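> Build me a structure from this.
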Amino acid sequence: MRSELLPAAFADSMRALLGDEEYTSYIRSFGEDWKPGLRANGLKIRPEQLKAMLPWQLEPVPWVETGFYYDADQARPSRHPAYYAGLYYLQEPSAMTPGELLPVKPGDRVLDLCAAPGGKSTQLGARLLGEGLLVSNDISNSRARALLKNLELAGIPNICVTSESPERLSQVFPLFFDKILVDAPCSGEGMFRRDGEMVKDWALKGPAYYAPLQREILAAAVTMLRPGGTILYSTCTFSREEDEGTVEYVLSRFPDLELKPLDTRLVPGACGGIGLDGCMRLFPHRIKGEGHFLALLRKKSSGESGTAGDGGLEAGSAGKVAGDNVRTGTEDLRGRRREKAEARETAKGRGAVRNFPGQAKKGRNTPAAAYTGELEAFLEQLSLPVPRERLSVRPEGVYLLPAGMEQPPSLRFLRTGLLLGELKKGRFEPSQALAMVLKKEQYPVTVDFPMEDERAVRYLKGETIALAEGEGPVKGWCLVCAGGYPLGWAKGAGPVLKNKYYPGWRWM
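Numbering: from 1, shown residues only. Model prediction:
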């Protein structure tokens with residue numbers, strides 16, 4: 001986008017924010033091309049292995065261990081079998097920063113509150129290494145479906161994908177999560193160089209529209225954070241009202257929160273907050289990336305100065321912290337009788353998932369006796385651990401539920417755990433999601449094409465594949481791989497593979 005097309009009001013605000021000299025450098029950056037990036041999926045491949053595998057030149061992103069720049073004129077990374085194997089995710093380099101700086105470790109309960117399309121969720125999920133729980137949420141159902149696809153493509157098993165308002169989640173998950181990422185909807189000023197359409201949106205809905213919404217969302221997130229836990233708040237805008245102003249709001253609202261300073265030396269070219277020390281700002285004239293803001297918040301543990309009980313809130317107050325005149329999302333779910341019932345539930349104990357009346361539905365979790373012999377026989381072939389007490393057999397599929405979520409609460413779930421497959425007239429058909437979670441050596445029957453074999457692409461297009469001499473015959477379910485990494489399923493019929501790749505994911 002050309003800098004002369006920037007709205008005058010925005011230009012004036014940036015000049016006031018940066019000062020005349022640095023504002024000139026910022027405007028000059030609009031004459032430079034933005035640099036796209038991709039991020040290796042640490043669940044499946046090491047960064048150096050990915051760099052050696054791909055046929056294009058990759059340049060490391062200095063502050064993201066798994067991140068690379070690539071040249072969009074020379075590379076088409078979305079048209080390579082390795083992309084369909086879930087080995088990397090296409091992501092703007094600055095956008096990799098929040099998922100890198102939130103201190104997630106295996107076993108954590110993690111919430112990505114505004115998660116679509118899934119770049120940051122796939123990054124967090126990879127860092128969990130299959131342990132703990134990742135709840136990825138987006139209030140838009142259509143965006144949540146795209147989020148689910150990206151999480152399943154990345155092979156992340158310990159997920160719950162929801163489409164709820166932050167307020168609704170705060171009623172179900174009080175004091176529950178160890179780590180929360182709030183990459184909040186914003187006015188998008190940091191993306192103007194990359195996407196001129198964002199300027200049009202800014203003219204319709206600028207900082208004054210987004211700041212109150214961000215404060216509602218972040219306040220709801222605070223009520224879901226356990227004492228000692230951390231929230232990373234991020235935006236892709238420069239507006240102080242949306243950035244430091246929102247952080248100052250929650251710090252004043254919640255005395256048990258503290259700002260944990262981010263070390264700007266971790267990101268070469270980053271600078272601190274404006275009027276609030278400890279934050280991090282990324283500007284396109286200072287780094288090889290677009291604009292971003294980050295702040296890390298910690299909830300003090302019980303007994304630390306400034307805390308009030310476990311979370312500084314009265315029982316039943318989750319979802320009411322954003323003020324008397326604002327509501328998170330589009331629904332008002334707080335009838336008087338419902339409030340009283342939820343207050344009783346919250347008072348029973350901290351950190352437990354809440355199950356509301358009407359949640360349990362007949363047939364939701366079918367007893368183990370309903371397993372078919374074919375399902376059990378298939379599971380016995382896997383080297384992947386499948387604890388039977390966490391299996392849930394439902395009319396729409398067979399699921400491996402995440403540990404601690406064996407009785408999922410009443411929410412709008414798009415996915416609870418790993419979809420293993422479906423039972424159809426007594427037959428078990430493994431899912432695409434299961435194929436992406438598996439390693440080649442975890443299933444006994446595989447066909448592995450070289451990455452450059454044209455049959456890998458033909459398989460991804462949904463075609464029947466003829467096997468070469470020495471590759472067959474194959475009978476029954478077969479895990480099709482490229483370069484040693486699973487792509488999906490096929491049904492072996494001697495020298496031919498009948499394609500079972502998920503139609504909605506096909507190479508077009």
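
> so how far is the helix or strand S170 falls within from its chain's centroid?
Per DSSP states H and E: S170 is located in helix 166-172. Relative to the mean C-alpha coordinate of its chain, helix 166-172 is positioned 18 Å out (C-alpha atoms, centre = their mean, to the nearest Å).

> do the same with stretch 441-450
That offset, for stretch 441-450, works out to 28 Å (C-alpha atoms, centre = their mean).

> could you measure the residue minimising distance to the centre of the chain against L467, distance?
Geometric centre of the chain, nearest residue: S121, 1.6 Å, by C-alpha atoms, centre = their mean. From S121 across to L467, the span is 37 Å (C-beta to C-beta, to the nearest Å). C-betas here are computed from N, CA, C, even on glycine.

> repeat for C279
57 Å.

> I'd like the average pLDDT over the helix holding S170.
Summarised as a single mean, pLDDT over helix 166-172 is 97.

> CA atoms only for it, dumped as CSV, please.
The C-alpha trace of helix 166-172 is given here as CSV (Å, rounded to 0.1, in the frame of the first residue of the first chain):
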residue,chain,number,x,y,z
PRO,A,166,-15.4,-15.0,26.3
GLU,A,167,-18.2,-14.3,28.8
ARG,A,168,-19.7,-17.7,28.3
LEU,A,169,-16.3,-19.4,28.7
SER,A,170,-15.6,-17.5,31.8
GLN,A,171,-18.7,-18.9,33.4
VAL,A,172,-17.5,-22.5,32.7
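
> ok, which stretches of the stretch 351-500 of the chain are helices?
373-381, 432-437, 454-460 (DSSP state H, counting those that start in this stretch).

> what's the offset of the longest one from the middle of its chain?
Here the centre of mass of C-alpha atoms in helix 373-381, compared against the chain's by C-alpha atoms, centre = their mean, lies 31 Å away.

> If you count neighbours, what's buried in it?
Neighbour counts over helix 373-381 (16 or more other C-beta atoms under 10 Å) mark 375, 378-379 as buried.

> In the longest helix that the chain contains, which residues are buried?
The longest helix of the chain (DSSP state H) is helix 207-224. Going by neighbour count (16+ other C-beta under 10 Å), the buried part of helix 207-224 is 207, 210-224.

> could the helices of the stretch 351-500 of the chain be laid out in JSON lines, adding distance to F10?
Below are these laid out as JSON lines (distance: least, C-beta to C-beta, whole Å):
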{"stretch": "helix 373-381", "distance to F10": "57"}
{"stretch": "helix 432-437", "distance to F10": "42"}
{"stretch": "helix 454-460", "distance to F10": "43"}
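
> Relative to I231, which of these is closest?
Closest to I231 of these, according to C-beta to C-beta: helix 432-437, at 28.5 Å.

> by contact count, what packs against that closest one?
Packing contacts for helix 432-437, counted by 3 or more C-beta pairs under 8 Å, 6 or more residues apart in numbering; DSSP states H and E, involve helix 141-153, strand 418-424, strand 485-494.

> Name the surrounding residues that touch it.
With contacts defined as C-beta atoms under 8 Å, 6 or more residues apart in numbering, helix 432-437 is touched by 86, 152-157, 384, 418-421, 479, 486-489, 501-502, 505.

> again, only using 6 Å
With contact meaning C-beta atoms under 6 Å, 6 or more residues apart in numbering, helix 432-437 is reached by 86, 152, 155, 157, 419-420, 486, 488-489, 502.

> Quick check: mean pLDDT of it?
98.

> Give the buried residues for it.
Going by neighbour count (16+ other C-beta under 10 Å), the buried part of helix 432-437 is 432-437.

> just the residues you listed now: which is nearest S3?
M436 (42.4 Å).

> Identify whichever of the helices of the stretch 351-500 of the chain lies nearest to P47.
helix 432-437 (19.5 Å).

> Dump the closest one to CSV, restricted to CA.
Written as CSV, here are the backbone C-alpha positions of helix 432-437 (Å, rounded to 0.1, in the frame of the first residue of the first chain):
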residue,chain,number,x,y,z
GLN,A,432,-7.9,-37.7,8.6
ALA,A,433,-7.2,-36.1,12.0
LEU,A,434,-5.8,-39.4,13.3
ALA,A,435,-3.5,-39.8,10.3
MET,A,436,-2.0,-36.4,11.0
VAL,A,437,-1.3,-37.2,14.7
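
> Please state the offset of that helix from the chain centre?
Distance, centroid of helix 432-437 to centroid of chain: 17 Å (C-alpha atoms, centre = their mean).

> again with stretch 119-133
Stretch 119-133 has its C-alpha centroid displaced from the chain centroid by 8 Å (C-alpha atoms, centre = their mean).

> Contacts for that stretch, please.
Under C-beta under 6 Å, 6+ apart, the answer for stretch 119-133 is 41-43, 89, 91, 95, 98-99, 104, 106-110, 112, 115, 134, 136, 150-151, 154, 156-158, 181, 183, 402.

> Now a PyMOL select for only the buried ones of those residues.
Buried residues among the contacts of stretch 119-133 (16+ other C-beta under 10 Å), as a PyMOL selection:
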select buried, resi 41+42+43+89+91+95+98+99+104+108+109+110+112+115+134+136+150+151+154+156+157+158+181+183+402
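
> Among the contacts of stretch 119-133, name the ones in strands.
Within the contacts of stretch 119-133, residues falling in strands by DSSP state E are 89, 109-110, 112, 134, 136, 181, 183.

> Can you tell me which of these is closest to F254?
L181 (17.6 Å).
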